[in-house]
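Asks: from the sequence below, what's the structure:
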Amino acid sequence: MNFPVIKAAANILVQCPNMMMEHGTTLIQEKAKNPDSEYLKSIGQFVRSYEESVAYAPNQVFIGNMKPSDLNNVAGPWYSHPVEPKTDGRFGEIMSEVDFYGLMKMCDRFELVELSSEIAPVIKKALQSKEMFSEAQLAMLDKGADIAEIQALVDKHTALGLYDGDKLLGCVREAHESDPNLSAHVVFENLVTKASGVLAMKHLFIKNKIDPAIVDYIIETSEEAVGDMNQRGGGNMAKACGEVAGCINATGIDLRGFCAGPAHAMVNAAALVQSGIFKNVVVMAGGCTAKLGMNSRDHVNKQMPVLEDMVAGYAVLVSENDGVSPVIRTDIIGRHKISSGSAPQAVIQAIVVDPLIASNLKITDVDLYSPELQNPEITVPAGAGDVPLANYKMIGAMAVKRGEIEKKDLMDFTKKHGVSGFAPTQGHIPSGVPIIGHALLALQAGAIEKLMVIGKGSLFLGRMTDLFDGISFIIEKNSGKLESDDDAAASDEFKQELRELIADAMQKVADSLAGR
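Replies: Numbers count the residues shown, from 1 in each chain. Have a look, this model is predicted:
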C-alpha cells in the first residue's frame with residue numbers, strides 16, 4: 001500500500017507582550033472586574049523582553065534549534081537559565097511583535113489595519129530583510145497614517161491599538177459598526193491567526209524549497225471563527241492564508257475540533273492524498289490571542305516571568321509517497337468513539353491501545369508518543385501539572401496492565417517513549433503536531449522507527465455536548481518500496497478472488513446446514 005508521506009513541517013513563534021496585556025482573556029476579564037487589583041499592578045514587572053523570550057530553551061526547541069531531549073540538559077527552571085538566543089531555526093523563526101504588526105498589515109485585504117507613517121517604513125525595512133515577502137506585499141507598508149487619526153479611532157472605541165510598550169504604533173479598525181462578529185476585537189483576533197498562519201506557511205515553503213503552487217488543498221485548524229452575524233464561524237481561513245502564502249492552485253477548508261483539530265486534519269489530509277483526490281495538502285494554523293497570559297495570575301503570584309507571551313503557528317505538507325519521506329499509516333488510526341467514555345483510562349484505551357491491538361502491535365513497539373506537549377513550566381505553577389508526563393504515565397500504565405513492562409519500569413517507559421513538553425499553551429498548537437518536524441529528522445536518521453501523534457479535545461467547552469474527543473495516527477519510517485499500478489491492480493484482483501472464495505465457502509456451509 002502506498003501510504004501518504006509528510007514531506008516537511010514548520011513551527012513559528014511571535015513574542016507578543018502587548019497583545020497579551022491588551023487582548024489576553026485573563027487580563028481583559030481582570031481589567032473589567034478588578035481594575036485596581038494587585039495582579040494588574042504588578043504584572044508589568046514580570047513581562048519578558050523579546051531577547052529573554054528568544055533565549056528561552058523551550059522556544060528554541062519549538063523552532064528547531066534544539067531537540068526536545070536537549071531540555072534534559074538545561075537546568076531548571078528553564079526561564080532562569082537562558083540558552084543561545086537564535087531568532088531563526090530549522091523549522092521557523094521567533095518574530096518580534098512590532099515586525100508582526102507589519103505582517104498583519106500585509107495580510108489585511110480590507111484596509112482595517114493602520115500603521116503610523118513613522119513606524120511603517122521601519123517595519124518594512126525589517127521585513128524586507130527576511131526575503132520572504134513579495135514587493136507587492138511590502139508595498140502595502142508604504143502608506144502610513146497620521147498617529148493623531150489612529151489615536152482618535154482608538155479613543156472612539158472603533159479600533160484597537162497596536163502598541164510597543166506605552167507607545168501607540170497603529171490600530172485595527174472594526175469591520176462593521178453593529179455586527180459583533182466583525183468588531184475590532186474579533187477582526188484583531190482573526191488577523192493575528194491569519195498572519196501567524198501565513199508566517200508558518202512561508203517558512204514551510206522557503207526552508208524546504210517547496211513551490212507553494214504545488215499545493216492543491218489547505219486544511220486550517222486554529223480555534224478562531226471567521227464570519228459575520230448571519231454565518232458566525234463560516235470560514236474560510238484556509239484560503240485566506242493560502243492567498244498570502246502564494247498557494248495559487250489551492251482550495252481549502254477550516255476544520256475545528258478544539259485541541260484535537262490538528263490531528264483530525266492530519267488524518268483527513270492523509271486520506272485525501274491516499275485516495276488520489278489531491279497530491280499535496282497543507283495542514284496549518286496560526287495562533288490565538290485569547291490564550292495569551294492565560295495562566296499569568298499564577299505566574300505573577302509565584303514571582304516568575306509570565307511565559308504565555310508567545311503566539312504560535314505550524315504548517316505541515318502531506319504528499320504522495322516518494323519512497324523517502326516518513327509515511328502516515330492510514331491503517332492504524334485511533335479514535336475516541338461517542339461510546340468510549342471520558343475517563344482518562346478509557347480515552348487512552350480508545351486512542352492509543354485499541355488501534356495498536358488491531359494491528360498486532362504492542363504499546364512498546366511505538367518508539368515515541370506525542371500527546372499534548374504543553375510546556376510544564378507554564379502549567380505546573382497553575383496547578384494543571386505536567387500534562388505530557390501525565391499522558392506518558394497513563395500510556396505506560398496501560399503497558400503494565402497488558403504485561404508489556406513491569407510496574408517498576410514505568411518511569412523508564414516515560415523517559416524512553418516521551419519527551420518534555422515545549423509548546424506554548426495555545427490550545428490547538430501543543431496537541432501533538434509540534435513534534436512533527438523533530439520526528440521527520442529522527443525517522444530519516446534512523447533514530448526512531450515509529451511515532452504516534454495523539455490529539456485530544458475538550459468538546460464540552462462549547463456547551464453543545466459533554467463528550468471528550470481524540471484521534472491518533474502513526475508516522476513511520478519509509479520502507480522505500482512503492483506499490484506500482486500493476487501491483488495495486490493485482491492486489492485488488494486477489495482481494496476480489498478472496499471475497500469470492502469466502503462467499504462460496506459460506507454458501508456451501510449454508511447449503512449443508514439446510515440439507516440437514
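Asks: all helices for the stretch 301-450 of the chain, in order.
Replies: Along the stretch 301-450 of the chain, counting by DSSP state H, counting those that start in this stretch, helices occupy 344-348, 354-358, 376-379, 387-401, 410-417, 436-445.
Asks: ok, and what's touching the third one?
Replies: Contacts of helix 376-379 with the rest of the structure, by CB atoms under 8 Å, 6 or more residues apart in numbering, involve 58, 76-79, 295, 299, 307-308, 385-389, 420-421, 424-425. Every C-beta, even on glycine, is put in place using the N, C-alpha and C of the backbone.
Asks: ok, and what's touching stretch 351-370?
Replies: 331-336, 391-392, 395-396, 398-399, 402, 404-405, 413, 417-419, 432, 434-436, 439, 442, 448-454, 456, 470-472, 474.
Asks: distance check, the residue nearest the centre of the chain against Leu162.
Replies: Nearest to the mean C-alpha position of the chain, by CA atoms, centre = their mean, lies Ile429 at 3.1 Å. In this view, Ile429 and Leu162 are 23 Å apart by CB to CB, to the nearest Å.
Asks: so where's this structure shaky on pLDDT?
Replies: The model of the chain has pLDDT under 70 over residues 484-495, 498, 509-510, 512-516.
Asks: for it, what spans make up the strands?
Replies: 5-15, 94-95, 113-115, 159-164, 167-173, 217-220, 251-254, 280-285, 310-319, 327-335, 368-370, 450-457, 469-476 (DSSP state E).
Asks: what about stretch 283-297, start to end distance?
Replies: End-to-end distance of stretch 283-297: 33 Å, with CA to CA, to the nearest Å as the criterion.
Asks: quick one: buried residues of it?
Replies: Residues 283-297 are the ones in stretch 283-297 that count as buried (16 or more other CB atoms under 10 Å).
Asks: how far out from the middle of the chain is that stretch?
Replies: Taking CA atoms, centre = their mean, to the nearest Å, the mean C-alpha location of stretch 283-297 is offset from the chain mean by 11 Å.
Asks: kindly report the same for stretch 255-265.
Replies: 9 Å.
Asks: so which of the helices of the stretch 301-450 of the chain gets nearest Lys209?
Replies: helix 436-445 (14.9 Å; CB to CB).
Asks: quick check: angle from that closest one to strand 327-335?
Replies: If you take axes from the mean of the first three to the mean of the last three CA atoms, to 10 degrees, helix 436-445 sits at 130 degrees to strand 327-335.
Asks: which other helices and strands contact helix 436-445?
Replies: strand 5-15, strand 368-370, strand 450-457, strand 469-476 (3 or more CB pairs under 8 Å, 6 or more residues apart in numbering; DSSP states H and E).
Asks: that older thread, I figured the residue nearest to the centre of the chain hits Lys291, correct?
Replies: No - Ile429 lies out of contact with Lys291 (CB atoms under 8 Å); the separation is 9.0 Å.
Asks: please name the bridge partners of Val5.
Replies: For Val5, the beta-bridge assignment (DSSP bridges) gives partners Ser319, Val327.
Asks: give the contact list for it.
Replies: Val318, Ser319, Glu320, Asn321, Asp322, Val324, Ser325, Pro326, Val327, Ile328, Asn478.
Asks: I'd guessed the first one sits against Ala8; true?
Replies: Spelled out, that is Val318. No - under the criterion of CB under 8 Å, Val318 makes no contact with Ala8, lying 9.7 Å away.
Asks: these two - which one has more neighbours?
Replies: Val318 (29 against 22; other CB atoms under 10 Å).
Asks: so which of the strands of the chain is the most packed in?
Replies: strand 280-285 (a mean of 30; mean count of other CB atoms under 10 Å).
Asks: between that one and helix 436-445, how many degrees?
Replies: Using the same axes, to 10 degrees, strand 280-285 lies at 140 degrees relative to helix 436-445.
Asks: pretty sure Asp254 is touching Ala238, no?
Replies: Yes - applying CB under 8 Å, one finds Asp254 in contact with Ala238, separated by 5.6 Å.
Asks: overlap of the contact sets of the two?
Replies: Ile219, Glu220.
Asks: among the buried residues of stretch 283-297, which two are most distant?
Replies: Once CB to CB is applied, the buried residues of stretch 283-297 give Val283 and Arg297 as the farthest pair, at 33.4 Å.
Asks: what's the neighbour count on Pro344?
Replies: Neighbours of Pro344 (other CB under 10 Å): 15.
Asks: try Leu153
Replies: Neighbour tally, Leu153, other CB under 10 Å: 20.
Asks: for Cys171, see how far away it is.
Replies: Distance, Leu153 to Cys171, by CB to CB: 5 Å.
Asks: what sits in contact with each of those two?
Replies: Common neighbours of Leu153 and Cys171 (CB under 8 Å, 6+ apart) are Glu114, Ala159.
Asks: quick one, phi psi at Lys481?
Replies: With angles defined as degrees, to the nearest 10, Lys481 sits at phi -100, psi 120.
Asks: grab the nearest non-local neighbour of it.
Replies: What sits nearest to Lys481 in space, not counting adjacent residues and going by CB to CB, 6 or more residues apart in numbering, is Gly323, at 7.5 Å.
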